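Participant: structure for this input, please:
(3 chains)
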Amino acid sequence: MKAAAAGYIRANDLPHAISLLEQSRGEARILAGGQSLIASLNLRLAGETALIDINGVAELSGIELVGEQLRIGALTRHRELASSDLVARHVPAIAQAAPLIAHAAIRNRGTIGGSLAYADPAAELPACMLALDAQIVVRGPAGERRVRAGDFFVDLFTTDLAEDEMIVAVEVPVAVAGERQATMELARRSGDYALAGIVLVDRPSGVRAAFFGVGPTPILATGAMAAIDRGASPDEAAALLEGDLQPLDDVHAPAAVRLHLARVLLRRALAATRS
Amino acid sequence: MSDTAQSFPTRVDISLTVNGEPVDARVDVSRHLVDFLRLDLGLTGAHAGCEHGVCGACTLQVDGEIVRGCLMLAAQLDGAEVWTVEGLTETGALADLQAAFVERNALQCGFCTPGMLFAAADILAQGGQPSRVAIREHISGNYCRCTGYEAVVDAIETVAGARARGEEVSA
Amino acid sequence: MTINFGNPDRPNSYIGRTVPRPNARRLVEGRGRYVDDIVLPRMLHVAFVRSPHAHARILSVDTQEAAAVRGVRRIFTGTELAEHCTPWVAVLAHLKGLKSAPQHALAVDRVTWTGEAVVAVVADSRAAAEDGAALVEVEYDPLPVVTDIRTALDAATPLIHPDLGDNLTFRRLHEQGEVDTVFAEAHTVVEASFKTGRHTGVCLEPRSILADYNPAEGQMTVHHSTQAPHMMQSIIARHLDLPEGKVRVICGDVGGSYGIKVHVYPDEMATAAIAKAMGRPVKFIADRIESFTTDIHARDHEIDARIAIDGEGKILAIDVDDWTGIGPYSVYPRTSAIEGNQVVNLCGGPYDFAAYRARTTVVLQNKTPTCQYRAVGHPIAAAITEGLVDFAAEALGMDPVEIRRRNLIKDDAYPYTSPANMRFEGLSHHASLAKLLELMDYDGLRAEQAALREKGIYRGIGIASFIELTNPSPFMYGIGGARISAQDGCTVRMDPDGSVVAMSGVTEQGQGTEAMLAQVVAEAVGVPVGRVKVITGDTQTTPYGGGTWASRGAGIGGEAALQAGLALKESILTVAASMLQASAEGLDIVDGAVADKATGEARMPLEELGRIVYFRGDTLPKGLPRELVQTRHFITSDYPFAFTNGVQASYLEVDTETGFVKLLKHWCVEDCGRVINPQLVDEQIRGGIVQGIGGALYEECHYDEDGQLLNANMADYLVPMAAEMPDMVIGHVETPTKESVLGAKGAGEAGTAGAPAAVMNAINDALRPLGGRVTEMPFTPARILAALGTV
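Facilitator: Numbers count the residues shown, from 1 in each chain, chains lettered A, B, ... in the order given. Reported below is the predicted structural model:
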């Protein structure tokens, strides 16, 4: 099918993008990497939306270490996440996640901001943000605000973003001494959305396990996390995932299978971070 | 549609280079890159296989990187440098790969082939001798329904080896 | 004339050699010419409004708003289009009792599957046509939906076509021997139920047609991505009320077909009818989403089967009850009963046994129509047969190879007629199995498997023998009344420069038909292969033929080309003998020159002969035949089909925790008779295997109970990709058919026929120590975990 876009403007800079968003009163969307948005436009699933192209907004790109946080610009491509030394050193969970996203040609265009704003519950990066307890830096006409990942992903393909707001960056706490991270997933084919996935952040102060593909949003497995922190065995912790996750039946796997796979992943991720 | 959204233009002017040649065009903002190349420029080497970014038949090069042609809009191409299979055939950049594909019969119907060549060239550009696993992984975003992939992997492996040894593969 | 195939050093020995495809370089340079690449003056595009309901009455159609869209030129409802295109009923006389309902190019008063075309919107561009289609208002009254196969015939199930009286479109029972008695008295009886997933072809180039009607000449020219140009010529003529001679079908590059593009599709017929009605070229390129709901599906089967064996593992009887759902219509003109019929014909095919019963029940459903897709019925029959054989071996504690050795038809037993009444001219099951075991180092793999099991790694080895039906005679379609040619022809011509042009009725879909034809003609005439230009896919210029299906291109088209080439050689030598004052019998053509047969000494280049014949014919004796164009046709007549055989093996590892399968390696030894081009044959086998693996592991059209296709996109309908596919080792045994000089049988479907059974048996081999078993394809993690009792 052929896309039906209602209009297109290239934003010159961030204020321009925000003002276009504000003017459009919800009838325009930010075009970042476009790897989901243009597909849905082509399928005529996105409605007749206008597009604000932010690809020329240089201030949205780049990865830098700011104190104890890694600041990743919204326009940072998946390919850059996969090849960044800073990411590999300070947030290895993201470095492990990036190559799992689709395929090379997609990773060259897809952006972290786009992935988070799209909020596909089976996507890797939203779960990374959740496990890493990252802050999503959001800007609108009223200025900038920071939203914790745990508050950002509201529902299926739904975030805390207002219609006149956009993501400008994420701020991710860097790994502390002794911290181990693991991102793992079980996908039918390389690059597919996973049947289940886990981002495990194993800190001396406590473990955070975020799952993807097993609910309407990425989900923090708080029950299992608490059990692990109490010294429960991986099997015991895995058993608690039934209360933590909300997998759904779909054409790729029944909910029970997704839950089972999440349990396997928790055991495997723990084995990896504690080996 | 509100009045404000109507202020978003539905056609935009772009200036870019395609296969090294300057192109100026006014494009409908809904037109994706593959249709722009095929319908406006007559470059039919890139194929539209799914138009939702999965099959890889439209894979080509924008600003030095491989992309899905169906997941970029022509409107986004102002200032871009686009290379298609036609252009890289003329420059000879794909000559050894193309020769290896023909020699190994790494194509049957040929519909996936231009996109597959771009994916192949992309891993070869990383240099060295990639493993078969790495080659398979790198082309795993490109559907081929005919070959079963093995011949494609063989052809890429052969070219990687020849390049690593500094050999010329005759076109 | 004959060719000494046993001598690889014979002159012009192209047959049996890997020769590069003449069209490959064009394709790697992006110079292919697929239908969507063709642009004609004043060309219009059509997009279709499709039914969102699986079954509904059409109450009203409002096109007013759509007609106002800029660029929309005309809109056709089903009623309007019915004035330009007559409906069809897809039955074949030899399939007794087969019935179907009249089908229109656009639904007229009722829709019967989700995706059925209802309204056609014609516009200046595809985008404008889609804009218009989005605004067409169709009011529907939903009707009860039939989706389940096994209850389709129940009295409580609504009728899809009340005029037919029931939802049964075809049923065939074949029985040979005292089946019930044998089962009652057998040492061991093993039963199993199988399911094959409804799947589809996913040609990377979607279905494409560009119909161009010129009213001034009354001429319809159709550029079509098809496997059967002459069949389409006949059908377009008939249903659009045109003389057959006024319809020309041109088939350029085809971006994959695999059986998908050998059928008549309502939207394509609509496109041609619209072109005629409007007197302008009209293009229809299916988009990917409509491809999933309108390309034919296949292999939607549920089977209960059992096998009786004696204490030594000898097969005594096989009993198969096959049920299949084909959607709401039998697909025109080949019908949708063939697949079930093939299951009946092919089950037990590799084995020597006496008592056989098979029944197929073909029912209607409100789903996308199914029809012939690569290896029609074979993967199903192979899965049933090879699954049963493995389960029987398990029951006796016998090695899967040993039970096959004891039961495969002996290599010296031919000709042989199977209990399904299939006649085999010459097969090589035992030689093929022996070669397979050697290639794969069977004993070594078994040792490795056992060692790894000690470490909790579950690997499996699966073997699957199979037969493949190729080179069909008119017994396949012609005797049933379909105008589908089983014969094929080739015209070969020498031009003044000594080059040769060959025009053939078989078509190129990427499998290498044109390379095969070029090398056959080059050898037959005696010219370098590069001097042969092959033309296919044009009903106006090529001899009348069937096209490409049922693995007939090499065996039938190749033999016609060989005979035409030999005839041309004879004509050339007649002229040469006169010019050289020699006897034609003493001359040969070697490497593009007339040569002395005894010494091989070149006497005259063909371009000199061409110069004389075409420009200085005055110097030749009056009355000397100088016909440098020859046409020959070929049709099989001794056997209805040329059966081939082969055997495959799969080696894989099951992650018993996740249910994921990792394919490690795959082997196939097959016997397609004379191998004309080893590389092309091997790649047909490899590509076929991977399509078979698709059915085994990934591919499934998921429908809900309302008849909605839930995964009609490429992200959710999974096909095999490079990362998960194994390397494949291919070997050959050659038993040429004696029906032709060339001796070639088909090879295009062998890979697909056997791969699913091999993978299934390998998974079950891996699971055996844990007590699990899978028989429902595709073998997803969910199904494997269920078999293991995990979830």
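
Participant: quickly list the domain ranges of the chain.
Facilitator: Picked chain A for this. A:7-53, A:61-173, A:180-273 (automatic domain parsing).

Participant: nope, chain C please
Facilitator: C:24-32+C:487-634, C:39-143+C:203-294, C:297-474+C:638-787.

Participant: in a markdown table, list these along with distance to A:Gly143, mean neighbour count and mean pLDDT.
Facilitator: All C-beta atoms are positioned from the backbone trio N, CA, C, and that covers glycine. What follows is those, written out as a markdown table (distance: least, Cβ to Cβ, whole Å; neighbours: other Cβ atoms under 10 Å in any protein chain shown; pLDDT from 0 to 100):
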| stretch | distance to A:Gly143 | mean neighbour count | mean pLDDT |
| --- | --- | --- | --- |
| domain C:24-32+C:487-634 | 50 | 22 | 97 |
| domain C:39-143+C:203-294 | 40 | 21 | 98 |
| domain C:297-474+C:638-787 | 38 | 23 | 98 |
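
Participant: A:Arg230 is nearest to which of the ones you listed?
Facilitator: A:Arg230 lies closest to domain C:297-474+C:638-787 among the domains of chain C, at 24.9 Å (Cβ to Cβ).

Participant: could you tell me the end-to-end distance of the closest one?
Facilitator: 27 Å (Cα to Cα, to the nearest Å).

Participant: mind putting the domains of chain A into TSV with mean neighbour count?
Facilitator: Formatted as TSV, the domains of chain A follow (neighbours: other Cβ atoms under 10 Å in any protein chain shown):
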stretch	mean neighbour count
domain A:7-53	21
domain A:61-173	21
domain A:180-273	21
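
Participant: in TSV: those domains, plus mean pLDDT and distance to chain C.
Facilitator: Compiled in TSV, those are given as follows (pLDDT from 0 to 100; distance: least, Cβ to the nearest Cβ, whole Å):
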stretch	mean pLDDT	distance to chain C
domain A:7-53	95	7
domain A:61-173	98	9
domain A:180-273	97	4
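
Participant: circling back to that earlier point, right, and the domains of chain C - which one's nearest B:Ala25?
Facilitator: Closest approach to B:Ala25 among these is made by domain C:39-143+C:203-294 (15.9 Å; Cβ to Cβ).

Participant: okay, now the domains of chain B?
Facilitator: B:9-88, B:92-164.

Participant: and the host helix or strand of C:Gly558, what does it pack onto?
Facilitator: Element membership of C:Gly558, judged by DSSP states H and E, is helix C:558-580. Contacts defined by 3 or more Cβ pairs under 8 Å, 6 or more residues apart in numbering or on different chains; DSSP states H and E place helix C:558-580 against strand C:488-494, strand C:500-504, helix C:513-525, strand C:587-590, strand C:593-596, strand C:602-605, helix C:606-615, strand C:629-634.

Participant: up against chain A, what does chain C have?
Facilitator: C:125-127, C:130-131, C:134, C:287, C:289, C:657-660, C:698, C:700, C:702, C:710-711, C:713, C:715-716, C:718, C:721, C:723-724, C:780-782, C:785, C:790-791 (Cβ under 8 Å from any Cβ of the partner chain).

Participant: which outside residues touch the longest helix belonging to chain A?
Facilitator: Criterion DSSP state H: the longest helix present in chain A is helix A:255-273. With Cβ atoms under 8 Å, 6 or more residues apart in numbering or on different chains as the test, helix A:255-273 has contacts from A:180-182, A:184-186, A:195-198, A:200, A:202, A:209, A:211, A:213-214, A:221, A:224, A:228, A:234-235, A:237-239, A:241-242, A:245, A:247-249, A:253, C:657-659, C:781-782, C:785, C:790-791.

Participant: those in helices, which ones?
Facilitator: Using DSSP H, these in helices are A:224, A:228, A:234-235, A:237-239, A:241-242, C:781-782, C:785.

Participant: output the domains of chain B as JSON lines; include the columns distance to A:Glu22.
Facilitator: What follows is these, written out as JSON lines (distance: least, Cβ to Cβ, whole Å):
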{"stretch": "domain B:9-88", "distance to A:Glu22": "18"}
{"stretch": "domain B:92-164", "distance to A:Glu22": "37"}
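
Participant: got these as a markdown table, with mean neighbour count columns?
Facilitator: Shown next, in a markdown table, are these (neighbours: other Cβ under 10 Å):
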| stretch | mean neighbour count |
| --- | --- |
| domain B:9-88 | 22 |
| domain B:92-164 | 23 |
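
Participant: nearest to C:Ala93 among those domains would be which one?
Facilitator: The nearest among these, by Cβ to Cβ, is domain B:92-164 at 34.4 Å.

Participant: now name the helix or strand holding B:Gly87.
Facilitator: helix B:85-91.

Participant: I'd like the next helix or strand past that helix.
Facilitator: Next in sequence after helix B:85-91, counting helices and strands by DSSP H and E, comes helix B:95-104.

Participant: and the contacts of that next one?
Facilitator: So helix B:95-104 is in contact with B:89, B:106-107, B:113, B:117, B:120-121, B:124, B:151-152, B:154-156, B:158-159, B:162-163, B:168-171, C:20-21, C:24-25, C:28-29, going by Cβ under 8 Å, 6+ apart.

Participant: quick one: closest of the domains of chain C to C:Ala184.
Facilitator: Across these, closest to C:Ala184 is domain C:297-474+C:638-787 (Cβ to Cβ), at 8.9 Å.

Participant: to C:Val46, which of the domains of chain B lies closest?
Facilitator: Set against C:Val46 and scored by Cβ to Cβ, the domains of chain B come closest in domain B:9-88, at 16.3 Å.

Participant: quick one: end-to-end length of the closest one, please.
Facilitator: OK, domain B:9-88 end separation, Cα to Cα: 33 Å.

Participant: any idea which residue sits dead centre in chain B?
Facilitator: Residue closest to the mean C-alpha point of chain B, counted by Cα atoms, centre = their mean, is B:Leu60 at 2.0 Å.

Participant: give me the pLDDT for it.
Facilitator: B:Leu60 carries a pLDDT value of 98.

Participant: next, it: phi, psi?
Facilitator: Main-chain torsions, B:Leu60, degrees, to the nearest 10: phi -150, psi -170.

Participant: next: A:Ala221.
Facilitator: phi -90, psi 80.
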